[in-house]
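Engineer: pasting the sequence and the predicted coordinates here, then a few questions.
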Amino acid sequence: MCGIAGIYSAKPDPQRAVAVRAMNNNIAHRGPDDEGYYNDDFVALAHRRLAILDLSPAGHQPMHDSTQRYEIIFNGEIYNFKEVRKELPNYNFQTQSDTEVILAAYQEWGPYCLHRFNGMFAFALWDKEEQSLFIARDRLGIKPLYYTETNGSWLFASEIRAILASGLVKKKLNRNVLAEFFMYQTVHAPRTLISNVNMLLPGHYMILKNGAMHITRWWSPKENYSVASQAKTYKEVCKDVQQLLTAAVERRLISDVPFGAFLSGGIDSSAVVGMMSRIQQQPVKTFTIAFGEKEFSEAGFAKQVANKFKTDHTEFLLKPEDFLKALPVALNALDHPSGDGPNSYIVSQLTRKHGVTMALSGLGGDELFAGYPVFNRSLKIEQYNWLFSIPAPLRRLMGSVVATLKPGIASEKLAQLLRNKDGSLYETFPVSRQVGLPRHVTALAGNSHETDALQEILKRELSNRGSNLPTLSKVSVAEITTYMQNVLLRDTDQMSMAVALEVRVPFLDYELVEYVLGIGDEFKRPVFPKKLLVDSLGDLLPDEVIHRKKMGFVFPWEIWLKNELRTFCEDKIQQLIRREIINGKYLAASWERFLKGDKNVRWLDMWLCVVLENWLEANNIEA
């Protein structure tokens, strides 16, 4: 796990080496173990190393192949690199690293080498002979890669801030996506909150050659889901899922440094910890955040799991005053703002402080095994699709009546659904994923901005072969390509790497993902939470964990915002009010209503304003 940065242009530029060094210095937190550079007339490459495999100096990057034709900078891990290496008997390997396996594989198979890799990665490979730069990102988007073009040069890096640190790119807010940020607590790739800075989409690669850029998609859920489960019994499918998940966990235990696992006490993290305990001999190091506010704390369930598997368990009671001290550092670690970031920072910081350099996470289980309410809701909407045969004016009237008789967020979303033109996932899923209601977003940020990002993504991901997926798998694809990739994975990367911690996600092993996406609704239907996953695990987990109410890793934000964090938040909100990018009067009134307990103003509406303002200040962004 590392950080990468680089600049390519078709003409020599003496400032390129200086700029790329500034970029690399900006992401020093991602790789405290080593740094390296490569420069020639067309490209400058930089690398920050967090050594996980092959800790020797031989793992230094940029790394060249045995012929010295290629140079590579690589962020991530290739879990099956030993298997791929065996397929390359003619290559003269100089190291034991997975980085050199990428070089050898590219030399042998070109861009098609990506299909051989099982891992998480973002890398750039310079071909000195062809004078072309090959930049690729993993299938599910676990490792990030941002890029921009300015004055005939292309800049790319693991973080946006590295690109901005080059001094070659304007630090200008992209106002066109501001409403999207307030609506979905993020901006969806390829766009970002910085004008003209984009994110390379998951499962894509880019080639820069002769001063031109070409982007190709090499993997997608809709083109690569498996039909291997068809004609199998439920018992056989459960066995397959268990074997695939076990293999995914086992692959991710390859490490030359101390490792552990996040343990929330939910099904997903508990399953990962249980499998780790079965695979390895020594006790698993597990880490849990606890709260004094019992209704938010999952620590009791985590302790049950820790006791069952005899883990080396660390529980940290997070008090509001402790969080307040950590909050400025956590917020300043945000490369791209979101509403969830500090949650990931706190557990990553706790884990790293206890000498662990790599940790496994249960991220992805909800998306893959129908763990969110939207999965059941989508099945119900299918059953009641006849409602959309009712004339639109009458449906709008029905929605207005419901919202009037029973005011609240749920009624408002129901009214919004009834106003949709049909009950398709294209129309209903964006409503489910909204964290900011349209009326609030319009009042705060105006109605001239783009707010249809999710519909664009769904049309891209569920067209053609994607339309043949089972309903629950369509929802999985929707969740994976929106919230998971653009909030959960991005937050996990930037917050864990802020403390130099590598996080691995077994549920996003591509072989498991492809298999589960092809399973029919009749096997995956969530009669109880994540039934297919639970049945596949057998007796691995305690019943108390399986059948408890889902909580999620959520801090007691509403309580803290009105008390211990009030002064901090109020200061940020007042500064945002002075800017021209939002409706200051509306925000001021909303904050006062929130403090007085108005249930129509949610804590997340206010928190996103705090996060945005802090990010603008910390990065000196021109708004």
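Structural biologist: All right, it came through fine. Numbers count the residues shown, from 1 in each chain.

Engineer: backbone torsions only: list them for the closest residue to residue 59 other than its chain neighbours.
Structural biologist: Among residues not flanking residue 59 along the chain, residue 97 sits closest, at 4.7 Å (C-beta to C-beta, 6 or more residues apart in numbering). Every C-beta, even on glycine, is put in place using the N, C-alpha and C of the backbone. When read as degrees, to the nearest 10, the backbone of residue 97 gives phi -90, psi 160.

Engineer: same check, this time on residue 139
Structural biologist: Dihedral angles for residue 139 - degrees, to the nearest 10 - are phi -60, psi -50.

Engineer: the residue nearest to residue 59: neighbouring residues, count only.
Structural biologist: Neighbours of residue 97 under the rule other C-beta atoms under 10 Å: 23.

Engineer: okay, and the spatially most central residue of the chain sits in which element?
Structural biologist: In the chain, the residue lying closest to the centroid (C-alpha atoms, centre = their mean) is residue 489, at 1.4 Å. When secondary structure is defined by DSSP states H and E, residue 489 falls within helix 489-497.

Engineer: ok, residues contacting that helix?
Structural biologist: By C-beta atoms under 8 Å, 6 or more residues apart in numbering, the list of residues contacting helix 489-497 from outside reads 1, 3, 29-30, 50, 140-144, 158-159, 186, 330, 333-336, 338, 340-345, 348, 359, 361, 363, 502-503, 505.

Engineer: hmm, try it at 7 Å
Structural biologist: For helix 489-497, the external contacting residues (C-beta atoms under 7 Å, 6 or more residues apart in numbering) are 29-30, 141-144, 159, 333-336, 338, 340-341, 344-345, 348, 361, 363, 502-503.

Engineer: repeat for stretch 76-83
Structural biologist: So stretch 76-83 is contacted by 1, 52-53, 98, 101-102, 117-122, 138, 143, 251-252, 254 (C-beta under 7 Å, 6+ apart).

Engineer: mind checking which of these are buried?
Structural biologist: 1, 52-53, 98, 101-102, 117-122, 138, 143, 251-252, 254 (16 or more other C-beta atoms under 10 Å).

Engineer: so which residues of the stretch 1-150 of the chain form helices?
Structural biologist: 16-26, 81-86, 98-109 (DSSP state H, counting those that start in this stretch).

Engineer: now do the stretch 201-350 of the chain
Structural biologist: Counting by DSSP H, counting those that start in this stretch, the helices of the stretch 201-350 of the chain are 221-224, 234-251, 267-279, 299-308, 320-332, 341-353.

Engineer: pick the most deeply packed of those helices.
Structural biologist: helix 267-279 (a mean of 24; mean count of other C-beta atoms under 10 Å).

Engineer: can you give me the domain assignment for the protein?
Structural biologist: 2-219, 223-369+486-546, 373-477, 557-618 (automatic domain parsing).

Engineer: still on that earlier bit, for the helix holding residue 489, give the mean pLDDT please.
Structural biologist: Across helix 489-497, the average pLDDT comes to 95.

Engineer: so for the closest residue to residue 578 other than its chain neighbours, what's the pLDDT?
Structural biologist: Leaving aside its sequence neighbours, residue 578 sits nearest to residue 584 (C-beta to C-beta, 6+ apart; 6.9 Å). The per-residue pLDDT reported for residue 584 equals 95.

Engineer: 169 is where my numbering starts, stick with that
Structural biologist: Yes, from this point I'll number from 169; that puts the last item at residue 752.

Engineer: could you report the neighbour count for residue 752?
Structural biologist: Neighbours around residue 752, by other C-beta under 10 Å: 16.

Engineer: that one and residue 523: what is the separation?
Structural biologist: 47 Å (C-beta to C-beta, to the nearest Å).

Engineer: now swap in residue 187 and tell me
Structural biologist: Taking C-beta to C-beta, one finds residue 187 at 36 Å from residue 523.

Engineer: more neighbours: these two, which one.
Structural biologist: Taking neighbours as other C-beta under 10 Å, residue 187 and residue 523 compare with residue 187 leading, 22 against 10.

Engineer: so what's the nearest residue to that one once chain neighbours are set aside up against?
Structural biologist: Spatial nearest neighbour of residue 187, chain neighbours left out: residue 334 (4.3 Å); criterion: C-beta to C-beta, 6+ apart. By C-beta under 7 Å, 6+ apart, the residues touching residue 334 are 187, 190, 191, 323.

Engineer: who wins on neighbours among those?
Structural biologist: Going by other C-beta under 10 Å, residue 191 tops the contacts of residue 334 with 29 neighbours.

Engineer: go ahead and confirm that one touches residue 333.
Structural biologist: Yes. Assessed by C-beta atoms under 7 Å, residue 191 is found in contact with residue 333 at 5.3 Å.

Engineer: if I read this right, residue 362 contacts residue 328, doesn't it?
Structural biologist: Yes. At 5.8 Å, residue 362 counts as touching residue 328 under the criterion of C-beta under 7 Å.

Engineer: what residue ranges in the stretch 469-618 of the chain score low on pLDDT?
Structural biologist: 615-618 (pLDDT under 70).

Engineer: with the chain instead?
Structural biologist: Ranges of the chain meeting pLDDT under 70: 169, 220-224, 460-465, 615-619, 716-723.

Engineer: pull the contacting residues for residue 260.
Structural biologist: residue 234.

Engineer: any idea how many residues pack against residue 481?
Structural biologist: Residue 481: 20 neighbours (other C-beta under 10 Å).

Engineer: before we move on, what about residue 709?
Structural biologist: Residues near residue 709, counting by other C-beta under 10 Å: 21.

Engineer: tell me how far it lies from residue 532.
Structural biologist: Residue 709 is 17 Å from residue 532, by C-beta to C-beta.

Engineer: mind giving me the packing neighbours of the helix or strand hosting residue 545?
Structural biologist: Counting by DSSP H and E, the element that carries residue 545 is helix 541-551. Contact partners of helix 541-551 among helices and strands, from 3 or more C-beta pairs under 7 Å, 6 or more residues apart in numbering; DSSP states H and E: helix 593-601, helix 639-647.

Engineer: out of these, the one nearest residue 385 is which?
Structural biologist: helix 639-647 (14.4 Å; C-beta to C-beta).

Engineer: same for the closest one, what does it pack against?
Structural biologist: Against helix 639-647 (3+ C-beta pairs under 7 Å, 6+ apart) you get helix 533-536, helix 541-551, helix 593-601, helix 678-685, helix 689-692.

Engineer: and the residue nearest to residue 321 when sequence neighbours are not counted, how many neighbours does it have?
Structural biologist: Nearest non-adjacent residue to residue 321, counting by C-beta to C-beta, 6+ apart: residue 177, 4.0 Å away. Residues near residue 177, counting by other C-beta under 10 Å, number 20.

Engineer: so residue 177 makes contact with residue 319?
Structural biologist: No. The pair residue 177 and residue 319 fails to qualify as a contact (C-beta under 7 Å) at a distance of 8.3 Å.

Engineer: what's the offset of stretch 176-185 from the middle of its chain?
Structural biologist: Between the centre of stretch 176-185 and the centre of its chain there are 32 Å (C-alpha atoms, centre = their mean, to the nearest Å).
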